[in-house]
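# fold the following for me, if possible:
(2 chains)
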Amino acid sequence: MTWHLPADLVERYARGRLDPAQVMSVESHLAGCPRCRAAVPYEEGWLAASWERIEDLVDMPRPRAAARVLRRLGVPEHVATFLAATPALARGWLVAVTGVLAFAVAAAHLGAHGGPDKANALLPFLVAAPILPVAGIAMAYGRHVDPAYELQAATPMAGWRALLLRTLAVLCCAVGLTGAATPLLPAPPGLAVAWLLPSLALTAAALALSTRFAPPFSVAVLAAAWFGAVAAGPLLADDRLLAFSPGAQALYGAAALALVPLVYLRRGRLDPGDPR
Amino acid sequence: MTTPTTPPTSAPATATVTVRDLTKRYGRKMVLDGVTLEFGRGVTGLLGPNGAGKTTLLRCLATTLAPDGGEVRALGLDPSDPGRRTDLRRRLGYLPQSPGFYPHFTVFELVEYVAILKELTDRRRRHQEVRRVLRETDLADLAGTKVRKLSGGMRQRLALSQALLGDPGLLILDEPTVGLDPEQRMRFRALVSRLGESRTVLLSTHQTEDVAALCERVIVMRDGAAVFQGTPGDLAATAAGRVWLSDHPPAGEGLFWRTADGRYRTLGPRPSSGVPADPGVEDGYLLLLGEGAGEPPGGLPGGLPGGPADGSAGTPAGASGGASGRASGGRENT
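As a prediction, the model looks like this:
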């Protein structure tokens, strides 16, 4: 290079006071002249931040769909990233939940058109809906369901913080989907939402039992108990919807309220490093 | 109950991890049977055959498994206390024996995910830390690659990189050199020895050459108990006077193998025409396990057929007096 940029031109370039044609000319020269490049002043912090932004663009994939949804809902970025990795929030689980709800809604419509007892037609939906969040909990966190569990178990987030966060996400997701399906049912609103309190009670019970046993085992026990409770209705009172009666609803509500503080008190037992 | 055959020979100057009478049982099987040990800053190697309880011990130290009994103090913290356990996890890096990953994640995403679990909530600081550990493990160029596309060695480096997040004061590495090629292993040794200058590193391995090259202290486990603690030199010294080189295979019982120069290296009683050889870490280790298995000195280690406990029958390391190469295995006729 036989010539170099005058100092005043370099200074005006650095301050952004050149017109576009001059900028192109200067940058064309800078590209081939190390000496002039070295003469251009720059702010180290700005340059480092710029490189980081470029590296982010190169390294960082687009946030996952679940993370994007959570962030739109106001969830902090790091929590959304953590929750998006929840196995139970994977596409397969969401498709399965949607499929179960769709079949249950279809069964309710078929039953309502085919027989005189519309309430009984809701039974498949009301029985299946409370199981969905607890099934998600079984798949949310644990040695046998999460491939990265062993990596997580030695971190400060391990145990109750991770399990409760993921449970909350799974519960919100399952309740949201079920709630969206509820208006599609051919039933009065009061009966159609009879799944909600059992869902909350079973979720709280699943967490409470998980302080003693592994989550999948706890959920299996509760699912069996739930199906047993529903099946007991016709046997005890000749009422197939006994498990969804107002009296039963009060019981579910009370159980949920009682179990939440119990889970909080025993949350330390959800830690893999805690002796059970 | 297994009685340690070799008492601790020397204690670390300042212990950062102490374990007292640690027990753990899986069903009827006692996996840790009163383990007592201590080690301090620097790199400590944990040797032992399969089933000796190494991984269970590491998981107890890494707080991913609760022991049935005994005491652990790591970095001055008691992990049986929930609050102290969380504090310890903040200062802990753990590479499990079989680390699982989310295969659809990229390398960067996976490490960032663990960084979030390690409470690095500030995005910019977290990204800087992720890039730092990826550079440390030579994975920076693979940051955007899906985990499912990585080779075994790359996955091992990925697992190591997440363990380095947050500059932990205690690093627990369970068989970290598995799957690494020789060049990667050399780089790994350089990295771990550098890390050991300022922190406590516990390294479980089957490779006695890793111990000889890296570790300031070595602990040998057998049948759920720590049967030796000391320096690699101490372990090698336990084989003094029981390592021999001869031109012909020994006639009696004993562990021997054919070395690269065509001579026979024998552990145990002196074979006819045998000349003394300098003992190495592997010699001491094999003899220690052989004694524990009820074999005469020089008998088969750990009850394993045909050779050393790591299954590399007759492939002794350079640490054992430079012997290497073809193996005919101990007790060639069995």
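# ok so residue B:221 is a strand residue?
Yes - assessed with DSSP: H, G, I helix; E, B strand; the rest coil, residue B:221 lies in a strand.
# can you tell me the closest non-neighbouring residue to it?
Once flanking residues are discounted, residue B:221 sits nearest to residue B:48: 3.6 Å by Cβ to Cβ, 6 or more residues apart in numbering or on different chains. C-beta coordinates here come from the backbone N, C-alpha and C atoms, glycine included.
# give the contact list for the one you found.
B:54, B:204, B:220, B:221, B:222, B:309 (Cβ atoms under 8 Å, 6 or more residues apart in numbering or on different chains).
# now it: how far from chain A?
20 Å (Cβ to the nearest Cβ, to the nearest Å).
# out of the contacts of residue B:48, who's nearest chain A?
Taking Cβ to the nearest Cβ as the measure, chain A lies nearest residue B:204 of the contacts of residue B:48, at 14.3 Å.
# next one: the closest residue to that closest one other than its chain neighbours from residue B:206, what distance?
The shortest distance from residue B:204 to any residue other than its chain neighbours is 4.3 Å, reached at residue B:46 (Cβ to Cβ, 6+ apart). From residue B:46 over to residue B:206 the distance is 10 Å, taken as Cβ to Cβ, to the nearest Å.
# and residue A:160, by the same measure?
Residue A:160 is 36 Å from residue B:206, by Cβ to Cβ.
# what residues go with each domain of the chain?
Just so you know, I chose chain A. A:7-59, A:65-270 (automatic domain parsing).
# sorry, should have said chain B
B:15-230, B:238-334.
# what's around residue A:123, how many residues?
With neighbours defined by other Cβ atoms under 10 Å in any protein chain shown, the count for residue A:123 comes to 20.
# cool, the one 10 residues further on as well?
Using other Cβ under 10 Å, residue A:133 has 26 neighbouring residues.
# pLDDT score for it?
pLDDT for residue A:133: 91.
# could you measure from the closest residue to it other than its chain neighbours over to residue B:123?
The spatial neighbour of residue A:133 that comes closest, neighbours along the chain excluded (Cβ to Cβ, 6+ apart), is residue A:174 at 3.9 Å. Distance of residue A:174 to residue B:123, given as Cβ to Cβ: 29 Å.
# which of the two has more neighbours?
residue A:174 (26 against 15).
# for the strand or helix carrying that one, packing partners?
Using DSSP states H and E, residue A:174 falls within helix A:160-181. Packing partners of helix A:160-181 (3 or more Cβ pairs under 8 Å, 6 or more residues apart in numbering or on different chains; DSSP states H and E): helix A:77-84, helix A:91-114, helix A:131-138, helix A:196-210.
# and those, which one averages the lowest pLDDT?
Across the helices and strands packed on helix A:160-181, helix A:91-114 gives the lowest mean pLDDT, at a mean of 86.
# just checking, what packs against it?
With contacts taken as 3+ Cβ pairs under 8 Å, 6+ apart, helix A:91-114 sits against helix A:118-121, helix A:123-128, helix A:131-138, helix A:160-181.
# if we go to 6 Å?
Other elements packing on helix A:91-114 under the criterion 3 or more Cβ pairs under 6 Å, 6 or more residues apart in numbering or on different chains; DSSP states H and E are helix A:118-121, helix A:123-128, helix A:160-181.
# tell me what angle that helix forms with helix A:160-181.
Per axes from the mean of the first three to the mean of the last three Cα atoms, to 10 degrees, the angle that helix A:91-114 makes with helix A:160-181 is 30 degrees.
# can I get helix A:91-114 as PDB, trimmed to CA atoms?
Below are the C-alpha coordinates for helix A:91-114, written out as PDB (Å, rounded to 0.1, in the frame of the first residue of the first chain):
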ATOM      1  CA  ARG A  91     -44.100 -32.900  21.000                       C
ATOM      2  CA  GLY A  92     -45.000 -36.600  21.400                       C
ATOM      3  CA  TRP A  93     -46.600 -36.000  24.800                       C
ATOM      4  CA  LEU A  94     -48.500 -32.900  23.600                       C
ATOM      5  CA  VAL A  95     -49.800 -34.900  20.600                       C
ATOM      6  CA  ALA A  96     -50.800 -37.800  22.900                       C
ATOM      7  CA  VAL A  97     -52.700 -35.500  25.300                       C
ATOM      8  CA  THR A  98     -54.500 -33.800  22.400                       C
ATOM      9  CA  GLY A  99     -55.300 -37.200  20.900                       C
ATOM     10  CA  VAL A 100     -56.800 -38.500  24.200                       C
ATOM     11  CA  LEU A 101     -58.900 -35.300  24.600                       C
ATOM     12  CA  ALA A 102     -60.100 -35.500  21.000                       C
ATOM     13  CA  PHE A 103     -61.200 -39.100  21.400                       C
ATOM     14  CA  ALA A 104     -62.900 -38.300  24.700                       C
ATOM     15  CA  VAL A 105     -64.800 -35.300  23.300                       C
ATOM     16  CA  ALA A 106     -65.800 -37.500  20.300                       C
ATOM     17  CA  ALA A 107     -66.900 -40.200  22.600                       C
ATOM     18  CA  ALA A 108     -69.000 -37.700  24.600                       C
ATOM     19  CA  HIS A 109     -70.800 -36.500  21.400                       C
ATOM     20  CA  LEU A 110     -71.400 -40.100  20.200                       C
ATOM     21  CA  GLY A 111     -72.700 -41.100  23.600                       C
ATOM     22  CA  ALA A 112     -75.000 -38.000  23.800                       C
ATOM     23  CA  HIS A 113     -76.500 -38.600  20.400                       C
ATOM     24  CA  GLY A 114     -76.900 -42.400  20.900                       C
END
